[in-house]
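Student: this one's sequence-less:
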């Protein structure tokens, strides 16, 4: 039976295009259906968004031939420091300190602005004859119960493929239309996101201040800038988000402290509510979910995009191996291998981050003492510290070959 492509991918953010490029490297044709326009995706304006790419994610980008296009704009993370913090008093001495020099693999990760990664992905898709990129296109209907997967676009066009992939975010239309339910809860927190310029060099150090109302991440960017992900209680975050830039900085400075000297905003700022959302299934017949469409986690450890890249590596490897063995890549048995590979790992990490956030987002003196002692022991024990560092770098667990830097 003829069809338009091997794989239909709904979602043109980061996971959808990355998946298309990984699949193309294995010989699969795909159509990426993007609800946003190409000019919006390619905009060069710095909007504050940046990602903490684990070392394993960087290896995958290198294996896909993408890293050279963004390497000059990336900032290596040389150290990670975690500490308790109080507004007005700054951060306490750190209770956890990771140094990349202790690892053979190099930096634990890299910070990379959204605009550079998006443009590199679009350029790579446009240069690849196995990928068709449909921008400004909305899926309004889908079917996966026949011999092929089919989607209907808002303009009436119908497209068919062997498999449909949902890479369309936490409010995934693909998942909803497939009847896939979600579990999760609201954290009662909102993430305030921006970037700041600062007076003193950050030396490639990423900081995590555990404030009573939520964690404050200060993540290094090139040119004496840092990306800020500031989790605050929802009511106060709403007040801060409505404030003008001067008032926003006035609220941020007591939490940020003065360790980087004077600070000023760089680019726009935005906010989003923090929720845990996990799809009950990652697959149904002829359909699979990747990235935030499958799991949305707390940003406390910056693992959202890295989890999506693990999904991409696993799904690509499963489909690649299935085709090598002459299997139907759309069969439930094949897709179940992907689900078994990713669902436990994802759920365990999501619940682990949930526990950390609940443990640290409070001002209970007894809890603070216990957790600080526990983290201090980790920091003081080389074997434990190294294990945590490798986990932060994404180098533990059953890694797909792409995330080990191998070309399929």
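Tutor: Done, it's in. What you see is a predicted model, and the numbers here were worked out from it, not measured in a lab.
Student: ok now stretch 24-38, how far from the chain's centre?
Tutor: Its chain's C-alpha centre and that of stretch 24-38 lie 19 Å apart, by Cα atoms, centre = their mean, to the nearest Å.
Student: got the buried residues for that stretch?
Tutor: The neighbour-count check on stretch 24-38 (16 or more other Cβ atoms under 10 Å) flags 24-26, 28-35 as buried. All C-beta spots, glycine's among them, are computed from the backbone N, C-alpha and C.
Student: could I get those as a markdown table with distance to residue 238 and pLDDT?
Tutor: As requested, those are exported to a markdown table (distance: Cβ to Cβ, whole Å; pLDDT from 0 to 100):
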| residue | distance to residue 238 | pLDDT |
| --- | --- | --- |
| 24 | 43 | 98 |
| 25 | 44 | 97 |
| 26 | 46 | 96 |
| 28 | 45 | 98 |
| 29 | 46 | 98 |
| 30 | 40 | 98 |
| 31 | 40 | 98 |
| 32 | 35 | 98 |
| 33 | 34 | 98 |
| 34 | 31 | 97 |
| 35 | 27 | 95 |
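Student: inside strands: which ones of those residues?
Tutor: 30-33 (DSSP state E).
Student: still on that earlier bit, so can I have a markdown table of the buried residues of stretch 24-38 showing distance to residue 293?
Tutor: Output for the buried residues of stretch 24-38, formatted as a markdown table (distance: Cβ to Cβ, whole Å):
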| residue | distance to residue 293 |
| --- | --- |
| 24 | 20 |
| 25 | 22 |
| 26 | 21 |
| 28 | 19 |
| 29 | 21 |
| 30 | 16 |
| 31 | 17 |
| 32 | 14 |
| 33 | 13 |
| 34 | 14 |
| 35 | 13 |
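Student: find the centremost residue of this structure, please.
Tutor: Per Cα atoms, centre = their mean, the C-alpha nearest to the average position across the chain is that of residue 305, at 1.5 Å.
Student: okay, that one: pLDDT?
Tutor: pLDDT, residue 305: 94.
Student: just to revisit the earlier point, out of the ones in strands among the buried residues of stretch 24-38, flag the one nearest to residue 107.
Tutor: residue 32 (30.0 Å; Cβ to Cβ).
Student: can you tell me the SS state at residue 383?
Tutor: The local conformation at residue 383, judged by DSSP: H, G, I helix; E, B strand; the rest coil, is helix.
Student: residue 253 - how many residues pack around it?
Tutor: 16 (other Cβ atoms under 10 Å).
Student: wait, what's in contact with the spatially closest residue to it that is not a sequence neighbour?
Tutor: Nearest non-adjacent residue to residue 253, counting by Cβ to Cβ, 6 or more residues apart in numbering: residue 263, 7.0 Å away. Shown in contact with residue 263 (Cβ atoms under 8 Å, 6 or more residues apart in numbering): 196-199, 249, 252-253, 256.
Student: with residue 262 instead?
Tutor: 198-199.
Student: torsion angles phi and psi at it?
Tutor: Note on residue 262: backbone dihedrals following degrees, to the nearest 10 are phi -70, psi 150.
Student: can you check residue 63 too?
Tutor: Torsion angles, degrees, to the nearest 10, at residue 63: phi -60, psi -30.
Student: one more: residue 111?
Tutor: Dihedral pair for residue 111: phi -100, psi 130, per degrees, to the nearest 10.
Student: pretty sure it contacts residue 52?
Tutor: Yes. Between residue 111 and residue 52 there is a contact at 5.9 Å, judged by Cβ atoms under 8 Å.
Student: have a look at those two and say which one is more surrounded.
Tutor: Neighbour totals were compared for residue 111 and residue 52, and residue 52 leads with 27 against 23 (other Cβ under 10 Å).
Student: spit out the contact partners of the more buried one.
Tutor: Contacts of residue 52 by Cβ under 8 Å, 6+ apart are 77, 109-111, 206, 219, 302, 305-306.
Student: did I read that right, it in a strand?
Tutor: Yes. Residue 52 sits within a strand when classified using three-state DSSP.
Student: find the nearest non-adjacent residue to it, please.
Tutor: residue 302 (3.5 Å).
Student: the ones in strands among the buried residues of stretch 24-38: which two are farthest apart?
Tutor: Across these (Cβ to Cβ), the longest gap, 9.9 Å, separates 30 and 33.
Student: spit out the residues that contact the two alike.
Tutor: Common neighbours of residue 30 and residue 33 (Cβ under 8 Å, 6+ apart) are 8-9.
Student: sorry, back to before: and which of the ones in strands among the buried residues of stretch 24-38 is nearest to residue 136?
Tutor: residue 33 (10.0 Å).
Student: pairing partners for that closest one in the sheet, please.
Tutor: residue 10, residue 134 (DSSP bridges).
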